[in-house]
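A.B. asks: Return a 3D structure for these sequence lines:
(one chain, ligands or ions: 2)
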Amino acid sequence: MAKLAAVIMAAGQGKRMRSATPKVLHRIAGRALIRFPLALAKRLGCFPIAVVVGHGREAVEAEVRVAPGGKDARFVIQAEQRGTGHAVLTALPALKGYDGPVLVLSGDVPLLDAASVRKLDKAHRKSGSPISFLSFVPDDPAGYGRVLREAGRVTAIREDRDCTPAERRVCEVNSGIYLVDAGFLRRSLRRLTADNDQQELYLTDLVSMAAKRHSVPALDAPALTVAGVNDRADLAMLEAAVEERIILDLMEAGVTVRAPWTVHVDLDASVGADTELDPGVTLLGATRIGRGCKVGTGCVITDSEVGDGAVLKPYSVLDGAKVEAAAEVGPFARLRPGAVIGERARVGNFVEVKNTTLGAGSKANHLSYLGDGVIGERVNVGAGTIFCNYDGFMKHKTVLEDDVFIGSDSQLVAPVTVGRGAYVASGSTITKDVPPDALGISRARQENKEKVGAALRATLKARKEKMNKGGGR
Ligand code: UD1
Ligand code: MG
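C.D. replies: Ligands and ions are numbered 1, 2, ... in the order given. Next up is the predicted model:
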C-alpha cells in the first residue's frame with residue numbers, strides 16, 4: 001500500500017457518554033479508545049499522524065504520548081469543536097507538504113482493522129474520486145449519517161437529525177472512516193457551511209461535493225469493525241466483542257478457560273499454554289501469566305508477572321507483584337506493588353505483602369502483613385506476623401536472612417534484621433537486631449498460679465448468679 005497520512009479526530013466531548021472523562025479516554029479491555037486508531041495508523045505506516053484534540057486536551061495528549069506510536073503524533077488543537085469538517089480543517093497545517101490520500105479516523109471507532117483500510121485504499125485509487133469512505137448496515141441506524149444514493153450512486157451523507165423521514169429509513173450508514181486526497185481537503189473544507197441542525201461544519205458534506213463529478217466509493221465494512229462508541233451501552237457492547245476475541249485467542253493458544261463468559265482479560269495481558277483460568281478470573285493491564293499455571297476462581301491480577309507452574313488459589317488479589325515459578329499464593333492473599341514471591345515460596349490466606357521479597361522456598365502461610373522487607377530463602381514466617389514498617393512519617397525495612405524462623409504472632413519493629421538461622425519466639429515484639437543463630441524473645445515470663453483458675457471461675461459464676469436473681473443482666 002502506498003503512503004498515507006492520517007488525521008485522528010478526538011476533540012469532541014462525547015456528550016452522550018455523560019462523563020467527566022473525555023470519550024476517547026474511556027477504555028475497552030484496558031486500552032483507552034484513542035489508542036486503537038493510533039495503533040492502526042501506526043501499523044499502516046501512516047505519516048504524518050495528526051491527532052485533533054480539544055475537549056480534555058491535556059489528558060488526551062498525555063494518553064497519546066505514552067501510547068505505542070504516540071511519540072510520532074502531531075497534536076492539533078481544535079479549541080472550539082465546530083464539527084468534524086472543522087476538526088480536519090484545523091488539522092491541515094499538520095499535513096503541510098503532503099499531497100497523497102489522507103486517512104481520516106474517528107477517535108471513537110476502535111475496532112477498525114488494517115484489511116478494511118487496505119480495501120478502501122484500493123477502491124479509492126481505482127475510482128479517481130477525491131473521497132471514499134466505509135459504510136455499513138448496523139442493527140439500529142439511529143444516530144448515524146445515512147448514505148443517500150441515486151440509481152446506486154452515492155449522492156450525499158445526511159446526518160440523522162437532518163434527514164427527512166424517508167431518508168431516515170435508509171439502513172446504510174456512514175462509518176466516519178474516509179480516505180480524502182489532501183488537495184481536495186485543502187480546496188473543499190474552506191467551502192463548508194454550518195447549514196444543518198447542529199450548525200456545525202460536517203466533514204460528510206465533502207461527499208456531496210465530490211459526488212457532483214465523481215462516483216464516490218462507499219465500501220461496505222463489517223458492522224463491528226466500524227461501530228462507533230457514542231454511549232456507555234456501545235462501550236460495553238464493543239468491549240464484550242473484544243473480550244470474546246481475546247478469550248478465543250487464548251484458547252487457541254492452549255489456555256483452558258472455564259466459564260469463559262465470566263473471565264475478563266485485558267488486551268495487554270498474556271497467558272502461557274496449559275494454564276487454567278477458573279471462573280471469574282480478571283487479568284488486567286500488562287499482566288503476564290506463564291505456562292502451566294492455575295489461576296483460581298475470583299483472582300484479580302493487575303500489572304503482575306506470574307512464573308511457570310505457579311498456583312494462585314481463589315480470591316487472591318495481585319497488583320504490581322511478581323510471583324516466580326512454582327510458587328503458591330492464596331486463597332485470599334493480597335500482593336501489592338513490589339511484592340516478589342520467590343520460586344516455590346508460599347503465601348497463604350489473609351497475608352498481605354507489599355514491597356517485600358520472599359526468597360525461594362520461604363513460607364508465610366497465614367494472617368500476616370509483610371511490608372518493606374527482604375526475606376531470604378527457606379524462611380518460615382509464622383501466623384500473625386506483622387512487619388511494623390511505618391512510624392507515622394517514614395517506612396523502614398525489615399530483613400529476615402536465610403533459614404530464619406519467626407514464631408507466630410510476632411511483631412518486627414523496623415528497621416530491624418534477624419540474622420541467618422535465628423529464631424524469634426512466638427508472641428515477641430522485636431525492636432533490636434537478632435544475631436545469626438540466636439533466639440530473640442521478648443515477652444513476659446510465664447507464671448502458673450496453682451488453683452487460681454478454679455477460684456476465679458467460682459467467683460465469676462457466683463457474681464453472675466447474683467445478678468440474674470436480682471433481675472439484672
Ligand atoms: C459522525 C458522522 C456520521 C457517522 C458517525 C459514525 C459527521 C458530521 N457525522 O457522527 O455521519 O455516521 O460519525 O460514527 O461527521 N470530533 C472532533 N471535533 C469536532 C467534532 C467531532 O474532533 O468538532 C471527533 C469526535 O471526538 C469523535 C469523532 O470526531 O471522535 C466523531 O464525532 P461524533 O460527534 O461522535 O460524530 P457522530 O455524531 O458520531
Ligand atoms: Mg460518533
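
A.B. asks: Near ligand 1, which residues of the protein are found?
C.D. replies: Those residues of the chain that sit near ligand 1, judged by C-beta under 6 Å from any ligand atom, are 9-12, 52, 78, 81-84, 86-87, 106-108, 144-145, 157, 159, 173-176, 202-204, 228, 230. Quick note: C-beta positions are derived from backbone N, CA and C, even for glycine.

A.B. asks: need the contact list for the residue of the stretch 51-200 of the chain found nearest ligand 1.
C.D. replies: The minimum distance from the stretch 51-200 of the chain to ligand 1, using C-beta to the nearest ligand atom, falls at Gly145 (2.3 Å). By C-beta atoms under 8 Å, 6 or more residues apart in numbering, the contact set of Gly145 is 157-160, 173-174, 176, 204.

A.B. asks: what helix or strand is Ala233 on?
C.D. replies: Secondary structure from DSSP states H and E places Ala233 in helix 232-252.

A.B. asks: Please see if that helix touches ligand 2.
C.D. replies: No - judged by C-beta under 5 Å from the ion, helix 232-252 and ligand 2 are separated, with a smallest distance of 8.8 Å.

A.B. asks: Downstream of that helix, the next helix or strand is which one?
C.D. replies: Using DSSP H and E, the helix or strand that follows helix 232-252 in sequence is strand 256-257.

A.B. asks: Please identify the pairing partners of the next helix or strand after that following strand and their relative orientation?
C.D. replies: Going down the chain from strand 256-257, the next helix or strand is strand 264-265, by DSSP H and E. Applying DSSP bridges, strand 264-265 is found paired with strand 282-284 (parallel).

A.B. asks: List of residues touching the strand it pairs with?
C.D. replies: 30, 263-266, 269, 271, 277, 289, 295, 299-303.

A.B. asks: closest to ligand 1 among those residues?
C.D. replies: Using C-beta to the nearest ligand atom, Gly30 is the member of the contacts of strand 282-284 that lies nearest ligand 1, at 19.7 Å.

A.B. asks: mind checking pLDDT for that closest one?
C.D. replies: For Gly30, the pLDDT comes out at 97.

A.B. asks: Next up, the contacts around the residue lying closest to it once chain neighbours are set aside.
C.D. replies: Leaving out its chain neighbours, the residue that sits closest to Gly30 by C-beta to C-beta, 6 or more residues apart in numbering is Asp266, at 3.2 Å. Asp266 makes contacts with 29-31, 246, 283-285, 287, as judged by C-beta under 8 Å, 6+ apart.

A.B. asks: Same question for Gly330.
C.D. replies: Shown in contact with Gly330 (C-beta under 8 Å, 6+ apart): 296, 299, 312-316, 347-349.

A.B. asks: among those, which two are most distant?
C.D. replies: Spatial extent of the contacts of Gly330 (C-beta to C-beta) is set by the pair Cys299 and Gly348 at 14.6 Å.

A.B. asks: quick one, which of these two is more surrounded?
C.D. replies: More crowded of Cys299 and Gly348, by other C-beta atoms under 10 Å: Cys299, with 26 against 20.

A.B. asks: Isn't the more buried one up against Ser316?
C.D. replies: Yes - in terms of C-beta atoms under 8 Å, Cys299 counts as a neighbour of Ser316; the distance is 5.0 Å.

A.B. asks: hmm, back to that, so which of the contacts of Asp266 wins on neighbours?
C.D. replies: Leu283 (28 neighbours).

A.B. asks: For it, give me the pLDDT.
C.D. replies: 98.

A.B. asks: would TSV of the contacts of Gly145 with distance to Gln411, secondary structure and neighbour count be doable?
C.D. replies: Output for the contacts of Gly145, formatted as TSV (distance: C-beta to C-beta, whole Å; DSSP: H, G, I helix; E, B strand; the rest coil; neighbours: other C-beta atoms under 10 Å):
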residue	distance to Gln411	secondary structure	neighbour count
Ile157	70	strand	28
Arg158	73	strand	23
Glu159	68	coil	20
Asp160	66	helix	15
Val173	66	strand	24
Asn174	67	strand	24
Gly176	61	strand	24
Thr204	69	coil	24
